[in-house]
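Undergrad: got a sequence here, can you model it:
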Amino acid sequence: MSTILVIEDEPQVQANICEILELADYTTLAAADGMSGVELAKQQAPDLIICDVMMPRLDGYGVITELRQHPETANTPFIFLTARSEQDALRQGMQLGADDYLRKPFSPEDLLEAVSVRLNKHLGLVDRFNQQLEQAKEAAQFLQHYDRDTGLPNYQLLEKHFDLAKIYAQQQTVSLAVLVVELDQLEHISATLGHRMRKLLLESFAQRLMAFSAALPSLEVIAYLGGRQFAMLSRPAMGQAQIAELAGSLLQELRKPFLVAGQEIFVKPTIGISLYPENGEVLDRLLGCAEGAIYKGNKYKGDKPLDVGFYFYTPQHHVRALERLTLESKLHHALENDELQVFYQPQVELASQRLIAAEALIRWYLPERGYISPIELISIAEETGLIIPIGEWVLETACRQACYWQQALAKSLTISVNLSARQFHQPDLTGQVESVLQRTGLAPQGLVLEVTESSILEDTQKALSTLEDLKALGIEVAIDDFGTGYSSLSCLKQFPFDVLKIDQSFIRNIHQNPGNIPITRIIIQLAKELNLDLIAEGIETEQELNFLLSHGCQMGQGYLFGRPVSALEFNQFFLPVK
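TA: Prediction:
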């Protein structure tokens, strides 16, 4: 039952009010003045306060002012008793926080109705507040264990499931698999389609994972780790063959197109797999191993990318990961320590084998390892973001060297420089190139910038604008590794290239790969009809050279004419003394 505090300085009035309330089953507290009423209210926290306005020591206005500043009584329903009827007096009380007024004299019915209305209203507010508080607690509890955007369990809940599954695995002496699913294209989707599409794709991806899991009893739990990573925990006692089959089925499902906001999106997820207890005994370690397997699988098989899609962790991955971290650290200091070099490979006119140009290629030498693989170097530079300053350094170094060569030769010698995708999509690439040409003194006609098909297809409208801006400077643009992409012919039609470079995979051992012969013939004929200069890469034998000459290819490069060498060696081997 509700407790009501009555603050009234007239004893008979106070006694009458308390009697009426008690007959209605309310519990009452009484105070004879404002000061004692304030103290009693703070101590007892009543459900409602009835207070006379006119009292000695502290009047009703002082009482409510004091109580509204106290946390325990700030929201307690408050009814004033007064014999005054002036509107100003009533308004003053309401402004101070009173909920109602009772004018003396009042009937028992008036008193009980006012009390009932205020208590019911207050209790309704309290109920709503408690309901909202309970909902907030439930939401907080949900967010402790689930991700807000995907609705999937988070790391904390995954860890709880893992600890339980581990107990069973220990008792039965069986393995437990941790799978990490990585979605590579999220950043690209966010950059090209916007953050909202990225969020919607994540939700769709999570829903498909949940649907896959619901259809397979072999999965214990799926969790979202944040960023572009999801994790899955298999039920114990699955063998590697079963896990591999599971991963393959999952990849097949995830590679189907996603329809997001009316747009069809294809993704290429990668799965890394680690095993308890073989690869570790705590979840953090196993997740790290699975991530390492993804990294290793995506980047290396020797120096060539794999395309299996799922990879088991092996101890060698850890060694390789440590080596990779060491190289990343060293690369941060390579520029300032003058460890990077630009090598130059000659490009010749095939008929006369006359030197006409050189391609600039970056090299990195470490005393303890020798030359680092160019593929590995570029990969690390791309991932760390160092490709931007390194690319700028290569461009300036090559342009400065070409300017020197042009001064040392009676005729001009152009220089070709590769642009990475990240370099190509810089907002002010044209301005940077123009600044380099001005600093080095190289004429724009002496520079050819090489871009790959994949880099321009990331954003075709922006790529077209960038290429047109570069050509406006007087620079020539080459499409590198032509024929290896899916849209090569479309690229030639859509973009203003000057030079087409046939990928070495079509040239090398061409007579042992009859399928490459008609492709190479078509590419040569296509370049002629489009009035593009043509350079064949990877020429290593006289037989390959003769084939190209017989079909009208004008220029080429490869080990037959010279390997990439330092500027000093290039001077010695390829440039006549002026």
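Undergrad: how much space between L335 and I475?
TA: 24 Å (Cβ to Cβ, to the nearest Å). (Each C-beta comes from the backbone N, C-alpha and C, glycine too.)
Undergrad: please identify which of those two sits among more neighbours.
TA: Under the criterion of other Cβ atoms under 10 Å, the comparison of L335 against I475 puts I475 first, with 22 against 14.
Undergrad: pretty sure that one is touching P444, no?
TA: Yes. I475 sits in contact with P444 when judged by Cβ atoms under 8 Å, with a separation of 5.0 Å.
Undergrad: domain map for the protein?
TA: 3-141, 155-313, 327-574 (automatic domain parsing).
Undergrad: now tabulate those domains in JSON lines and tack on distance to D147.
TA: Conversion of the domains of the chain to JSON lines gives the following (distance: least, Cβ to Cβ, whole Å):
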{"stretch": "domain 3-141", "distance to D147": "13"}
{"stretch": "domain 155-313", "distance to D147": "4"}
{"stretch": "domain 327-574", "distance to D147": "26"}
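Undergrad: any chance of JSON lines for those domains, columns mean pLDDT and distance to R148?
TA: JSON lines is the format used below for the domains of the chain (pLDDT from 0 to 100; distance: least, Cβ to Cβ, whole Å):
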{"stretch": "domain 3-141", "mean pLDDT": "85", "distance to R148": "9"}
{"stretch": "domain 155-313", "mean pLDDT": "84", "distance to R148": "10"}
{"stretch": "domain 327-574", "mean pLDDT": "89", "distance to R148": "29"}
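Undergrad: relative to D149, which of these is closest?
TA: The closest of those to D149 is domain 155-313. By Cβ to Cβ, the value is 6.2 Å.
Undergrad: from the chain's centroid, how far away is that closest one?
TA: 16 Å (Cα atoms, centre = their mean, to the nearest Å).
Undergrad: repeat that for stretch 547-560.
TA: With Cα atoms, centre = their mean, you get 45 Å for stretch 547-560.
Undergrad: who's in contact with that stretch?
TA: 345-351, 356-357, 359, 502, 504, 507, 510-511, 517, 520-521, 524, 528, 533-542, 544-545 (Cβ atoms under 8 Å, 6 or more residues apart in numbering).
Undergrad: do the same with stretch 288-296
TA: Contacts for stretch 288-296 (Cβ under 8 Å, 6+ apart): 178-180, 182, 229, 231, 270-274, 279-280, 311-314, 317-318, 320-321, 324.
Undergrad: the strands in the stretch 451-578 of the chain, which residues?
TA: 476-482, 499-502, 533-536, 555-556 (DSSP state E, counting those that start in this stretch).
Undergrad: switch those strands over to JSON lines; also include mean neighbour count and distance to D469.
TA: Shown next, in JSON lines, are these (neighbours: other Cβ atoms under 10 Å; distance: least, Cβ to Cβ, whole Å):
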{"stretch": "strand 476-482", "mean neighbour count": "22", "distance to D469": "11"}
{"stretch": "strand 499-502", "mean neighbour count": "25", "distance to D469": "18"}
{"stretch": "strand 533-536", "mean neighbour count": "24", "distance to D469": "21"}
{"stretch": "strand 555-556", "mean neighbour count": "22", "distance to D469": "26"}
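Undergrad: circling back: show me just the buried residues among the contacts of stretch 547-560.
TA: Neighbour-count burial (16 or more other Cβ atoms under 10 Å) applied to those gives 345-348, 350, 356-357, 359, 502, 504, 507, 510, 520, 524, 533-539, 541, 544-545.
Undergrad: ok so, going back, tabulate the strands of the stretch 451-578 of the chain (JSON lines), appending distance to S379.
TA: Converted to JSON lines, the strands of the stretch 451-578 of the chain look like this (distance: least, Cβ to Cβ, whole Å):
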{"stretch": "strand 476-482", "distance to S379": "16"}
{"stretch": "strand 499-502", "distance to S379": "21"}
{"stretch": "strand 533-536", "distance to S379": "25"}
{"stretch": "strand 555-556", "distance to S379": "27"}
